[in-house]
Structures are given as structure tokens and as C-alpha cells.
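**Student:** Sharing a sequence plus its predicted fold:
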Amino acid sequence: MSDEEAVALALKEKAFFGHIVLRYEDKLLRYIRRLGIHNEEDQKDVLQNIFIKVFRNLQGFDSSLSFSSWIYRIAHNEAISHYRKASVRPEGHLVGESDDILALISGGEASAEQKFDARVSAELVNKALKQLPQKYKDPLILRFFEHKEYEEISDILQIPPGTVGTLIHRGKHELKKLLEQHSEHI
């Protein structure tokens with residue numbers, strides 16, 4: 001069943017909303033964890049708030065748009081609201097798939113770069129991501145950890161697709177510099 005079919009069914013019969021929750025619960029939980037919400041209770045609260053907002057606003061969803069982008073935008077905004085309410089900085093990101101981020105910065109360069117990439121661990125990637133400005137973190141996480149396309153990232157962050165490309169390019173460059181700095185301390 002496609003997202004659009006699930007939404008249509010949920011609009012007709014509220015019990016079908018459970019299918020949407022089941023489909024997106026793990027994905028959104030992983031996403032908000034990567035945005036820096038590590039406390040399990042906070043994660044549950046934010047996730048619950050996301051689904052409450054989705055349920056309340058499902059009637060207003062424009063079916064000509066991507067449901068995935070729409071729900072991720074709600075998740076992103078809810079995570080930001082959580083930070084504002086808690087008046088704390090994000091704790092950082094859980095990076096389990098460091099190979100994705102390493103592949104993005106290595107770009108098929110010299111073997112010295114490949115050796116560098118082999119030494120970088122998920123812990124170093126975490127440290128580097130924590131130091132990146134938020135404007136670079138969000139697009140990088142969505143692109144390389146959530147595997148979203150530029151158009152979807154544009155919808156989620158509500159910025160033009162060209163800006164997404166620029167932020168990803170600059171973010172990769174900044175992340176690479178930070179990883180090189182951290183690797184010198186190994």
C-alpha cells in the first residue's frame with residue numbers, strides 16, 4: 001500500500017491511521033535521535049507529538065505532494081520545538097552508518113584519503129557532526145542517513161533545492177575538515 005493510499009484510507013476510517021504509525025514510527029524515531037534527542041522519554045514524547053500533529057492535520061495534507069516529505073517536515077519542526085522548550089542544545093547525532101558519511105567525503109580521492117577514511121570511526125564522525133553548524137547538519141543527516149532526495153530535503157526544511165545542494169556541498173567540506181582535525185589526535 002502506498003503512502004497516498006494509506007492516507008486516503010485513514011481519512012475515511014480513523015483506524016487505518018495505525019498503518020501510517022507503523023510505517024513511519026521506526027524511521028521517525030531514528031531521525032529524531034540523529035537530530036540529537038537521546039533521552040528515551042523525550043524521544044517518545046516527540047514521536048507522540050509528531051503523530052498527534054499528523055493525525056490532526058491529515059485532512060489538510062495535499063495529496064499532490066510527497067507524504068514522506070510532509071511527515072518529515074513535521075518531525076523536524078517538532079524536534080526544533082523540543083529544543084526550544086527544553087532550552088538546551090542538541091546532544092549530537094548517533095552515527096551508526098559512518099560508511100555513508102565516509103563515502104561522501106572521500107569522493108574517490110588519493111589512497112592517502114582512503115587510508116584516512118579507514119581510520120575514522122563512528123565516534124569521530126559523531127564529534128565532527130556535533131561541531132557542524134545546524135544549517136549543515138540537517139541537510140547532511142537527511143541526505144546521507146535518511147537517504148532523502150534534494151527535492152524532499154527542500155520540502156522538509158522549506159528551503160529552495162539549490163540551497164539544499166549548496167548546504168550539502170559546504171557541509172561536506174566542513175565535515176571533512178573537522179574529521180581531518182579529529183584524526184590528527186588519533
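**Tutor:** In hand now; what should we look at?
**Student:** quick one, phi psi at Leu35?
**Tutor:** Main-chain dihedrals, Leu35, degrees, to the nearest 10: phi -80, psi -10.
**Student:** which residues touch the residue minimising distance to the centre of the chain?
**Tutor:** Centroid-nearest residue in the chain, with C-alpha atoms, centre = their mean: Leu142, separated by 3.8 Å. Residues near Leu142 by C-beta atoms under 8 Å, 6 or more residues apart in numbering: Tyr72, Lys148, Glu152, Ile153, Ile156, Leu157. Where you see a C-beta, it was placed from the backbone N, CA and C, and this is true even at glycine.
**Student:** Also Gln43?
**Tutor:** Leu29, Ile32, Arg33, Ile37.
**Student:** Spell out the residue ranges of the strands in this protein.
**Tutor:** Using DSSP state E, the chain contains no strands.
**Student:** Let me see the domain layout of it.
**Tutor:** The chain breaks down by automatic domain parsing into domains covering 3-86, 98-183.
**Student:** Switch those domains over to a markdown table; also include mean pLDDT.
**Tutor:** Shown next, in a markdown table, are those (pLDDT from 0 to 100):
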| stretch | mean pLDDT |
| --- | --- |
| domain 3-86 | 90 |
| domain 98-183 | 77 |
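**Student:** ok, now which ones touch the residue nearest to Leu11 when sequence neighbours are not counted?
**Tutor:** Counting by C-beta to C-beta, 6 or more residues apart in numbering, the nearest residue to Leu11 once its immediate chain neighbours are dropped is Leu58, at 6.2 Å. The neighbourhood of Leu58, defined by C-beta under 8 Å, 6+ apart, consists of Val7, Ala10, Leu11, Phe17.
**Student:** Just name the closest of these to Val164, please.
**Tutor:** The closest of the contacts of Leu58 to Val164 turns out to be Val7 (C-beta to C-beta; 25.0 Å).
**Student:** I'd guessed that closest one sits against Leu65; true?
**Tutor:** No - in this structure, Val7 is not within contact of Leu65 by C-beta atoms under 8 Å, at 10.9 Å.
**Student:** Give me the more crowded residue out of the two.
**Tutor:** Val7 (21 against 11; other C-beta atoms under 10 Å).
**Student:** Enumerate every residue touching the more buried one.
**Tutor:** Ile20, Leu58, Phe61, Ser63, Phe67.
**Student:** Of these, which is the nearest to Lys137?
**Tutor:** Phe67 (24.2 Å).
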